[in-house]
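> need the 3D shape of this:
(3 chains)
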Amino acid sequence: MEKKIVLPGEKIADSRINAPNTYIDGNATYAAVIGSVDNEGRYISLENRYKPFVGDTIIGMVTDIRRAGYLVDMNIPHSGLIVSREVRLKLQLGDVVLCRVKMVNEVGEVELGEVRRLPKGKIVEFPTAKIPRLIGRKSSMLNLLKEHAGGDVMVGNNGYVWVSEKSDIPLFLKAVEMMKLKAHTSGLTDEIAAMLQKR
Amino acid sequence: MVIIMGEETKDIIMSTIRRDVMKGTLQSGVRFDGRAFDEYRKIEIQKSVIKTAEGSAVANIGNTKVLAAVKFDIMTPFPDRPGLGVFITNAEHLPTASSSFEPGPPREESIEMARVVDRAIRSAECIDLESFFIEKDKVLGLFIDLYVLDHTGNYTDTANIAATAALLDTKMPKLEDGAIIRGEYTGPLKVSSLPISTTMVKVDDYWLVDPSRDEELIQETVLTIGTTEKHVCSMQKGRGAVTKDELLNGIDIAFKSGNDIRKVLKG
Amino acid sequence: MGEKVQLIIDGKRTDGRTPDEMRDIRIEAGILKEADGSSYIEWGGNKIICGVYGPRECIPRHGASPYHAIVKCRYMMSPFASLEEHGRSGPSRRSVELSKVIRETFENLILVEKFPNTQIDLFIDVLQANGGTRTASITAATVALVNAGIPMKDMVSAVAVGKADDTLVLDLNKAEDNQGQSDMPLAISHKDKKLLLVQMDGLLTKEEIAKMVDMADKGCEQLHEMQSAGLKGVYEQEGKKLEW
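This is a model prediction of the structure:
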């Protein structure tokens, strides 16, 4: 499919569309970040900053404990909050958790729910705009990674990826680096598969 | 690095409220203090207020008050301009002048103000720096110190008027064997043109000259244009954006108010 | 009493350019791994590196605004950036002023209200200077901000226009900057054609200023092409076509 790169300030629609990483001026919609537009006019950002939305699945790490609850580093400027009386789990500093965003208020504060503690593993940062690539069509890329690295992998919408300590972490990191670099190129799955198989 | 302090945040919150109220007043063609859009507050100048300086003046625009003092020193010239005297402008925003000024090293607003006034005077070429040459590696240095004493809006223009007035008040020091004899003078400093800046702010769709503190807090754009009798001698846009037409229109406004202020300066 | 240096000879400038010709410019995006966004520009003899971090937690916290992100900018000239003496490191009065006007340029573009209680840091380091560093910095910083994925209304390019030997010239070099009659650095936004940086020294008439804004506008059009190429270059490595 033909795709074209658009830059901030470029018009992407002659109508008012409320979409992430765009803005409306008059009766048209403009790109606010660098993105690509396909021949059906669909705009996808190529770079963006993660902004939490209710319902997002995120991965984070407990960084502080307050009377109100646990503070979670989740790759945004503020910590997310797990209200202690709403979780049965007793969490500790450094615990890696998988949660769902329950609430985001006007000033960007986030409350988290549906908390699950993840076993020991490593958190890897991955650009949120490229996450669809990390997962692949019908999770093809993710399955490929799990299979070759030999352990579990979880992807948060917030750009934190958790990989189990049982995996071949160096191999996983190598694949992730390659994906970051080439996320926007065609034939990526094949290329990664070839790289993984060579090992 | 520059940090906007809590005070500023409070100002921003207040300003959203103020802006709505002010818009209504502006639509009827007047400002809160009853002035027309292109009208300055009352300008008053008092010269020779500091006897220990070679020249000085206090300028008031409304209640905004800036003291300018001129001192001379013997200096080594800048290596790339060996035949020229040195001209340096400094500014202090005294903490007594406003709750938003803090003691300590100069913050960006005072540095910017000093540099904007400096550029207007330097560009206007109103002082003959060649006449400050004494001998090889020895020139006169002229210091203008600007003290913002009371800030109720538009300290930049007030400082510029004070600086130009202080230059007009300046007496050349007597020199003997390449040294300054303090307290003895040879005559007035020659000032060949009068650089004056005009600051205007955009609120809603209106351009207001000589902003009050109220107007500064809600300004969308601020533009300072310095003029001499014939030329534009400096420009500085702070916050906001301007179009080419707004800029050219601003130049017309700056010449008009600049000429009015020059009349006041000449007495 | 410096001898007058002739800056225009037979319609050509000291570096052989015509009055409305810009110097050679090369812009690259995403050159730093750690920063959220970055860029590098070579513009004539200028070499400038730009890094963007954020939106991130505002420090100090009482400096934050619940309405919008705070934009912070630090422009700095390296002590080895000029052919002359070793400069002082750390902020100078000049760099404080430039940091302010550069910040005010981008405050107009960044959609700051999307990130309350945060700050966005823009770091600009001039490694080698040859006149026109503030305009080159703005041009490069735009690229770094876009590279960081920070939402913006528009892009901006900047170039200085000036007057040397009574001729209006685009993109002043160091000699023209130091010895010319006037210098007017301008930043112009691409979509809305708004002037986001306006500074000027020297003596000019209104008519000259009007002409100079038009000259800068043409220069900025060219710069936008280069910024755009630099940004797209990130996604078009190894001749591979963009898939999504």
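> can you map out the helices along chain C?
C:93-107, C:133-147, C:174-179, C:206-233 (DSSP state H).
> hey, which of the ones you listed is tucked in deepest?
With neighbours defined as mean count of other C-beta atoms under 10 Å in any protein chain shown, the helices of chain C peak in mean count at helix C:133-147, which reaches a mean of 29. From N, CA and C alone the C-beta is placed, and that goes for glycine too.
> that one close to chain B?
No. Remark: helix C:133-147 sits outside contact range of chain B, by C-beta under 8 Å from any C-beta of the partner chain, the gap being at least 12.5 Å.
> that helix and chain A, are they touching?
Yes. For helix C:133-147 and chain A, the contact criterion (C-beta under 8 Å from any C-beta) is met by C:V146, C:N147.
> what angle separates that helix from helix C:206-233?
For helix C:133-147 against helix C:206-233, the angle by axes from the mean of the first three to the mean of the last three C-alpha atoms, to 10 degrees is 40 degrees.
> ok now helix C:133-147, how far from the chain's centre?
5 Å (C-alpha atoms, centre = their mean, to the nearest Å).
> quick check: mean pLDDT of it?
The pLDDT scores in helix C:133-147 average 98.
> and the angle from that helix to helix C:93-107?
Using the same axes, to 10 degrees, the direction of helix C:133-147 lies 40 degrees away from that of helix C:93-107.
> rewinding a little: lowest-confidence stretch among the helices of chain C?
helix C:174-179 (a mean of 92).
> just the CA atoms of that one, as CSV, please.
Extracted as CSV, the C-alpha positions of helix C:174-179 are listed here (Å, rounded to 0.1, in the frame of the first residue of the first chain):
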residue,chain,number,x,y,z
LYS,C,174,30.0,35.7,10.7
ALA,C,175,31.7,38.6,9.0
GLU,C,176,28.4,40.0,7.9
ASP,C,177,27.0,39.5,11.4
ASN,C,178,29.9,41.3,13.0
GLN,C,179,30.7,44.0,10.5
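> find the nearest non-adjacent residue to residue 59, please.
Went with chain A since none was named. A:G156 (3.5 Å; C-beta to C-beta, 6 or more residues apart in numbering or on different chains).
> wait, I meant chain C there
In this structure, C:I59 finds its nearest non-sequential neighbour in C:Q119, 7.2 Å apart by C-beta to C-beta, 6+ apart.
> please name the bridge partners of the one you found.
C:R56, C:I70 (DSSP bridges).
> just B:L146 next, same as before
Bridge pairing for B:L146 (DSSP bridges) gives the partners B:A68, B:A91.
> quick one: contacts for it?
B:66-68, B:89-92, B:113-114, B:117, B:159, B:162-163 (C-beta atoms under 8 Å, 6 or more residues apart in numbering or on different chains).
> contacts for the helix or strand harbouring A:L144 next, please.
For A:L144, the element it lies in under DSSP states H and E is helix A:140-149. Here helix A:140-149 makes contact (C-beta under 8 Å, 6+ apart) with A:133-136, A:152-153, A:155, A:163, A:167-169, A:171-172, A:175, A:179, A:188-189, A:192-193, A:196-197, A:199.
> buried stuff in it?
Under the neighbour-count criterion of 16 or more other C-beta atoms under 10 Å in any protein chain shown, helix A:140-149 has A:M141, A:L142, A:L144, A:L145, A:K146, A:H148, A:A149 buried.
> with stretch B:215-222 instead?
In stretch B:215-222, counting by 16+ other C-beta under 10 Å, buried: B:E215, B:E216, B:L217, B:I218, B:Q219, B:T221, B:V222.
> for that stretch, give the mean pLDDT please.
Rounded mean pLDDT across stretch B:215-222 is 91.
> and A:A193, that's in a helix?
Yes. Under DSSP: H, G, I helix; E, B strand; the rest coil, A:A193 sits within a helix.
> what's the spacing between the closest residue to it other than its chain neighbours and chain B?
Spatial nearest neighbour of A:A193, excluding adjacent residues (C-beta to C-beta, 6+ apart): A:L144 at 5.9 Å. Relative to chain B, A:L144 is positioned 45 Å away (criterion: C-beta to the nearest C-beta, to the nearest Å).
> and A:L144, what pLDDT?
Here, the pLDDT recorded for A:L144 equals 91.
> could you count how many residues lie near the closest residue to A:S84 other than its chain neighbours?
Closest residue to A:S84 apart from its sequence neighbours, by C-beta to C-beta, 6+ apart: A:G69 at 4.3 Å. Residues lying near A:G69 (other C-beta atoms under 10 Å in any protein chain shown) number 20.
> who's A:G69 bridged to?
For A:G69, the beta-bridge partners under DSSP bridges are A:V83.
> quick one: it from B:G178, how far?
Computed as C-beta to C-beta, to the nearest Å, the A:G69 to B:G178 distance reads 75 Å.
> quick one: the strands in chain A?
With DSSP state E as the definition, chain A shows strands at residue ranges A:3-6, A:11-13, A:22-25, A:28-31, A:35-38, A:43-45, A:57-65, A:69-73, A:80-83, A:96-104, A:110-117, A:121-125, A:153-155, A:160-164.
> who does the first one pair up with?
Sheet neighbours of strand A:3-6, with direction, are listed as strand A:35-38 (antiparallel) (DSSP bridges).
> just how off-centre is the partner strand within its chain?
19 Å.
> per-residue pLDDT, the closest residue to C:A129 other than its chain neighbours?
Of all residues beyond its chain neighbours, the one nearest C:A129 is C:A81 (4.2 Å), with distances taken as C-beta to C-beta, 6+ apart. C:A81 is assigned 93 on the pLDDT scale.
> then A:R85?
For A:R85, the model assigns a pLDDT of 88.
> is it possible to get JSON lines of the contacts of B:L146 that adds distance to B:D260 and pLDDT?
What follows is the contacts of B:L146, written out as JSON lines (distance: C-beta to C-beta, whole Å; pLDDT from 0 to 100):
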{"residue": "B:V66", "distance to B:D260": "18", "pLDDT": "98"}
{"residue": "B:L67", "distance to B:D260": "22", "pLDDT": "98"}
{"residue": "B:A68", "distance to B:D260": "20", "pLDDT": "98"}
{"residue": "B:T89", "distance to B:D260": "24", "pLDDT": "97"}
{"residue": "B:N90", "distance to B:D260": "28", "pLDDT": "96"}
{"residue": "B:A91", "distance to B:D260": "24", "pLDDT": "96"}
{"residue": "B:E92", "distance to B:D260": "28", "pLDDT": "95"}
{"residue": "B:M113", "distance to B:D260": "22", "pLDDT": "97"}
{"residue": "B:A114", "distance to B:D260": "25", "pLDDT": "97"}
{"residue": "B:V117", "distance to B:D260": "19", "pLDDT": "97"}
{"residue": "B:A159", "distance to B:D260": "18", "pLDDT": "98"}
{"residue": "B:A162", "distance to B:D260": "17", "pLDDT": "98"}
{"residue": "B:A163", "distance to B:D260": "18", "pLDDT": "98"}
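> no further queries at this time; thank you.
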